[in-house]
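Asker: Need a 3D model of the following:
(2 chains)
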Number of protein chains: 2
Amino acid sequence: MYNQATVQSPATIANIVCGFDVLGLALETPFDEITLRMVEGPSSITIQNEDEFNLPTQPEHNVMGAALLALLNTLDVTYSCHIVSRKAIRPGSGAGSSAASAAGIVYAANAILNQKFNTNELIEFAKHGEFLASGSRHADNIAPAILGGVALIHSNQPLDIVSLPYPELYIALVHPQIEVKTSDARAIIKQQISLKAAVNHWAHVAALVAGFATKDSALISRALQDDVIEPVRKLLIPHFDLVKSKSLEAGALGGGISGSGPSIFMFCEHLTTAQKVAESMQSIYNKHGIPALTYTTPIAKHGVRLTHLQ
Amino acid sequence: MYNQATVQSPATIANIVCGFDVLGLALETPFDEITLRMVEGPSSITIQNEDEFNLPTQPEHNVMGAALLALLNTLDVTYSCHIVSRKAIRPGSGAGSSAASAAGIVYAANAILNQKFNTNELIEFAKHGEFLASGSRHADNIAPAILGGVALIHSNQPLDIVSLPYPELYIALVHPQIEVKTSDARAIIKQQISLKAAVNHWAHVAALVAGFATKDSALISRALQDDVIEPVRKLLIPHFDLVKSKSLEAGALGGGISGSGPSIFMFCEHLTTAQKVAESMQSIYNKHGIPALTYTTPIAKHGVRLTHLQ
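Answerer: Numbering: from 1, shown residues only, chains lettered A, B, ... in the order given. Down below sits the predicted model:
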């Protein structure tokens, strides 16, 4: 019997340009660290945040709390739980901060419970955290956070997640420190599109999946187009077009809005290119007086990692 | 210098359920046979049809004529051309009959012209034939007819064709002998769709491409869904739902309308399964007094084949 687990839960990029609502991938960095202590006893969850983000500590209003409650509610036994969370993924960045919290906590609980639940069950529990954060039970951050790599949400109901083949690629990510609420970013999107635009979009996603599978960088680059969501959402992100065009000049294959923004990500074939792209991103926001953080990282082969179990 | 070429040009299946307007594949059978004789001289095209279909013989009103004219118009020299066509792919079947004619003739001309044109140029010429047949310059039959295998039309303008990886699969195809005009089948489709339906559709096409690439039959089967086009177009095809459900019972992985119909195709893992599925298809149309032809064939690795050049 275990009663304490520590996990590292990664940042993720949902949508991946032409994969709106269906694709997501995991990053090696940044990641959150979560320690869960869980012992049989009166039902309770206490949350201790060891970071600067002032997230709620009432379980019903906390992403980890909501996900853990969903899991605990299926058990016959009650547990007293204490969570210590050290977030590195900034809430509101568009890099899967809430998914890292939700995926991390259910993964930790499952380790303590001796792998009682399968991956799909964990994703379903974690969706409760996403619902609290954004009003939507989407899995395109949670699935790659748990599975690593690139994940396709083939269906949400019933859940059908596919781990896609993909080549070694590096990501440059910039997080301009402005707020874009996921709910606003969703509200701005038109709910009807032309069949022509839809056909172009599914040609792009088909090409991206093919490019990943055949490790064809030129094809990946050509496939990274989005004329449906990006033209609307980019309006919420200052200097988006400039960041994108300068990134391509610096050697990126392509990229776009991470999740619902404001972070912007670019795929690169080499770490050195990703570093050049990140420098270019940083300098644009510096010049315009907008505080920004940049990251360069490979796509993570693994999702949540268990670092301690006792 | 050559002046006569004979080619075999294959039937093709466009759309492939969730790949509307962007995917197509080539079949080993049936195929048309076309002989082109082409000698420098006064500009002329004569067409001799050695089949039962009574297709037009004026070059401007004939699919082969229109495609060949588009090619000849780019040359500095004029040619006197004579075409002998023996079609096996029935016009109006939805199995790429016009594409086989258009692709075959430009492929034959290109052999005589010592490979003067590249594949993309041939596809552009052949599109003139498709335009004549259907009023649309689509490449989702022409591209697989020329390239073989499974082709993704990533972009029509500029042309960007991707040959996709795919596993060994067999096709059962039934052609109920009723007429569905491509133009009618296009007119029936709604030009606006909900974003939700579009997202589901691009999840399916992403899953199908992934399933092909990883040779995952179960994934291919789950991916073969179309809630956008099929629900409308199947209304033009008698007993569509029954053919589909009985095919799945007989062991097919899935399938749907071939091109714009009325043919229906099913993917199968084995030739014996495809034969069982074809029998089931045939018996349904027999029972309802609708004449129907069935075919069982692998996906063709090669497109148009040059069988004779002199």
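
Asker: Next secondary structure element downstream of the one helix or strand residue A:144 maps to?
Answerer: With elements taken from DSSP states H and E, the one containing residue A:144 is helix A:142-147. Next in sequence after helix A:142-147, counting helices and strands by DSSP H and E, comes strand A:150-156.

Asker: The helix or strand just after that next one pairs with which strands?
Answerer: Remark: after strand A:150-156, the chain's next helix or strand is strand A:159-164, criterion DSSP H and E. Take DSSP bridges as the rule and strand A:159-164 pairs in its sheet with strand A:150-156 (antiparallel).

Asker: how distant is the partner strand from the center of its chain?
Answerer: 13 Å (C-alpha atoms, centre = their mean, to the nearest Å).

Asker: Give me the contact list for it.
Answerer: With contact meaning C-beta atoms under 8 Å, 6 or more residues apart in numbering or on different chains, strand A:150-156 is reached by A:16, A:19, A:21-25, A:137-140, A:143-144, A:160-164, A:166, A:209, A:212, A:299, B:200, B:203-204, B:206-207, B:210, B:219, B:222-223. In this view, the C-beta of every residue, glycine as well, is placed from N, C-alpha and C.

Asker: tell me which strands and helices the lengthiest strand in chain A is in contact with?
Answerer: Looking across chain A with DSSP state E, the single longest strand is strand A:23-40. On a contact count with 3 or more C-beta pairs under 8 Å, 6 or more residues apart in numbering or on different chains; DSSP states H and E, strand A:23-40 meets strand A:4-14, strand A:79-86, helix A:97-112, helix A:142-147, strand A:150-156, strand A:292-298.

Asker: Now do the closest residue to residue A:208 other than its chain neighbours, the pLDDT please.
Answerer: In space, and not counting its chain neighbours, residue A:208 is closest to residue A:223: 3.9 Å by C-beta to C-beta, 6 or more residues apart in numbering or on different chains. Looking at residue A:223, its pLDDT reads 98.

Asker: Kindly report the same for the one 3 residues further on.
Answerer: At residue A:226 the predicted local confidence, pLDDT, stands at 97.

Asker: Count the neighbours of it for me.
Answerer: 22 (other C-beta atoms under 10 Å in any protein chain shown).

Asker: Return the residues in contact with it.
Answerer: Residue A:226 is in contact with A:17, A:18, A:20, A:201, A:204, A:256, counting by C-beta under 8 Å, 6+ apart.

Asker: how about a cut-off of 7 Å?
Answerer: Going by C-beta atoms under 7 Å, 6 or more residues apart in numbering or on different chains, residue A:226 touches A:17, A:18, A:256.

Asker: Same check on residue A:22?
Answerer: A:140, A:152, A:153, B:199, B:202, B:203, B:206.

Asker: residues in contact with the lengthiest helix in chain A?
Answerer: Identified as the longest helix of chain A according to DSSP state H is helix A:195-213. If you take C-beta under 7 Å, 6+ apart as the criterion, helix A:195-213 is touched by A:18-19, A:150, A:164-167, A:219-220, A:222-225, A:227-228, B:19-22, B:152-155, B:162, B:164-165, B:189-193, B:198, B:201-202, B:205-206, B:209-210, B:213.

Asker: Need the buried ones from those residues selected in ChimeraX.
Answerer: Of those, the buried ones can be selected in ChimeraX as follows, counting by 16 or more other C-beta atoms under 10 Å in any protein chain shown:
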select /A:18,19,150,164,166,219,220,222,223,224,225,228 /B:19,20,21,22,152,153,154,155,162,164,193,198,201,202,205,206,209,210,213
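
Asker: contacting residues around stretch A:100-109?
Answerer: Stretch A:100-109 is contacted by residues A:5, A:7, A:9-11, A:31-32, A:34, A:36, A:38, A:63-64, A:67-68, A:71, A:83, A:85, A:89, A:122, A:125-126, A:129-130, A:142, A:145-146, A:304 when judged by C-beta under 7 Å, 6+ apart.

Asker: Check the gap between the closest residue to chain B within the stretch 201-310 of chain A and residue B:212 for me.
Answerer: The minimum distance from the stretch 201-310 of chain A to chain B, using C-beta to the nearest C-beta, falls at residue A:213 (3.6 Å). From residue A:213 across to residue B:212, the span is 8 Å (C-beta to C-beta, to the nearest Å).

Asker: How far does the helix or strand following the longest helix of chain A sit from its chain's centre?
Answerer: Next along the chain after helix A:195-213, taking DSSP H and E as the criterion, comes helix A:217-223. Computed by C-alpha atoms, centre = their mean, the chain-centroid distance of helix A:217-223 equals 22 Å.

Asker: what residues does helix A:217-223 touch?
Answerer: A:18, A:204, A:207-208, A:210-212, A:253-254, A:267, A:269, B:154, B:160, B:162.

Asker: Now render the residues you listed as a markdown table, adding pLDDT and distance to residue A:47.
Answerer: Formatted as a markdown table, the contacts of helix A:217-223 follow (pLDDT from 0 to 100; distance: C-beta to C-beta, whole Å):
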| residue | pLDDT | distance to residue A:47 |
| --- | --- | --- |
| A:18 | 97 | 37 |
| A:204 | 98 | 41 |
| A:207 | 98 | 43 |
| A:208 | 98 | 38 |
| A:210 | 98 | 44 |
| A:211 | 98 | 42 |
| A:212 | 98 | 38 |
| A:253 | 98 | 40 |
| A:254 | 98 | 39 |
| A:267 | 98 | 36 |
| A:269 | 98 | 41 |
| B:154 | 98 | 47 |
| B:160 | 98 | 51 |
| B:162 | 98 | 49 |
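
Asker: Tabulate these (CSV), appending distance to residue A:106.
Answerer: Formatted as CSV, the contacts of helix A:217-223 follow (distance: C-beta to C-beta, whole Å):
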residue, distance to residue A:106
A:18, 29
A:204, 33
A:207, 34
A:208, 29
A:210, 33
A:211, 32
A:212, 27
A:253, 33
A:254, 33
A:267, 29
A:269, 34
B:154, 38
B:160, 42
B:162, 38
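
Asker: about what we covered before: what's the distance between the longest strand of chain A and the middle of its chain?
Answerer: On the basis of C-alpha atoms, centre = their mean, strand A:23-40 sits 11 Å off its chain's mean C-alpha point.

Asker: buried sites along it?
Answerer: Under 16+ other C-beta under 10 Å, the buried positions of strand A:23-40 are A:23-38.

Asker: in the worst-scoring helix or strand of chain A on mean pLDDT, what's buried?
Answerer: Within chain A, judged by mean pLDDT, DSSP states H and E, the helix or strand with the poorest mean is helix A:182-187; its value is a mean of 78. Neighbour-count burial for helix A:182-187, counted by 16+ other C-beta under 10 Å, picks out A:182, A:185.

Asker: Now the helix holding residue A:144: average pLDDT?
Answerer: 98.

Asker: near chain B, which residues of the stretch 151-300 of chain A show up?
Answerer: A:152-155, A:160, A:162, A:164-165, A:189-195, A:198-199, A:201-203, A:205-207, A:209-210, A:213-214, A:219, A:222-223 (C-beta under 7 Å from any C-beta of the partner chain).

Asker: how does it look with 6 Å?
Answerer: Within the stretch 151-300 of chain A, the residues that sit near chain B (C-beta under 6 Å from any C-beta of the partner chain) are A:152, A:154, A:162, A:164, A:191-195, A:198-199, A:201-203, A:205-207, A:209-210, A:213.

Asker: got it, and the stretch 1-150 of chain A?
Answerer: Within the stretch 1-150 of chain A, the residues that sit near chain B (C-beta under 6 Å from any C-beta) are A:21, A:22.

Asker: do that again at 7 Å, thanks
Answerer: So the stretch 1-150 of chain A meets chain B at A:19, A:20, A:21, A:22 (C-beta under 7 Å from any C-beta).
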